[in-house]
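# Turn this into a model:
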Amino acid sequence: MKQLFSFALILFIAADANAQTAKALTDSTQIVEASCGQCKFGMKGKTGCDLAVRINGAPYFVDGSSIDKHGDAHAKDGFCESIRKAKVSGALVNNRFVASSFVLLPDEKAKP
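Modelled structure (predicted):
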């Protein structure tokens, strides 16, 4: 019985931590790393090149914006060649980032 109670307590704590993390990522504006999920973040499960963001060290494919909306992905400063910063808001849904806004920030490396 004690083991069952301990197990239930661990599940409750884990669920609460996940809920707090999800709440923190819901429609809050934040600066994230953005790039090609396959080329730069090493994500699997899709072929081709797809926009992804990295939040708290974890990569997520993006819905609500696409890799082609932000210039040539294969250019020197493109998503397949570099990791850029973006100001985003949205939520994590089914292990994907659903963007309500996605603004690519200027490339700091391109400054003279």
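
# Would you point out the helix or strand in this structure whose mean pLDDT is lowest?
Lowest on mean pLDDT, DSSP states H and E among the helices and strands of the chain sits helix 2-24, with a mean of 51.

# Could you point out the helix or strand that follows it?
The helix or strand immediately downstream of helix 2-24 is strand 30-36, counting by DSSP states H and E.

# ok, Thr47 to Gly37 distance?
Here Thr47 is placed at a distance of 11 Å from Gly37 (Cβ to Cβ, to the nearest Å). Bear in mind the C-beta positions are built from the backbone N, C-alpha and C, glycine included.

# more neighbours, those two?
Gly37 (25 against 7; other Cβ atoms under 10 Å).

# you'd agree that one is up against Phe61?
Yes - the pair Gly37 / Phe61 is scored as a contact, 5.5 Å apart, by Cβ atoms under 8 Å.

# who touches both of those two?
The contact sets of Gly37 and Phe61 overlap at 43, 46, 50-52 (Cβ atoms under 8 Å, 6 or more residues apart in numbering).

# does the residue most central in space within the chain count as helix, strand or coil?
By Cα atoms, centre = their mean, the chain has its centre lying nearest to Val53, at 3.1 Å. Here Val53 is recorded as strand under DSSP: H, G, I helix; E, B strand; the rest coil.

# Leaving out the residues flanking it, which one is nearest to it?
Excluding its sequence neighbours, the residue lying closest to Val53 (Cβ to Cβ, 6 or more residues apart in numbering) is Val32, at 4.5 Å.

# Return the residues in contact with that neighbour.
Applying Cβ under 8 Å, 6+ apart to Val32 gives the contacts 53-55, 85-86, 88.

# Can you pick out the most distant pair from those?
Ile55 and Lys85 (12.4 Å; Cβ to Cβ).

# Leaving out chain neighbours, which residue sits closest to Met43?
Using Cβ to Cβ, 6+ apart, the closest residue to Met43 is Gly37 (3.8 Å).

# Contact partners for the one you found?
So Gly37 contacts 43, 46, 49-52, 59, 61 (Cβ under 8 Å, 6+ apart).

# How much space separates it from Pro106?
Distance, Gly37 to Pro106, by Cβ to Cβ: 22 Å.
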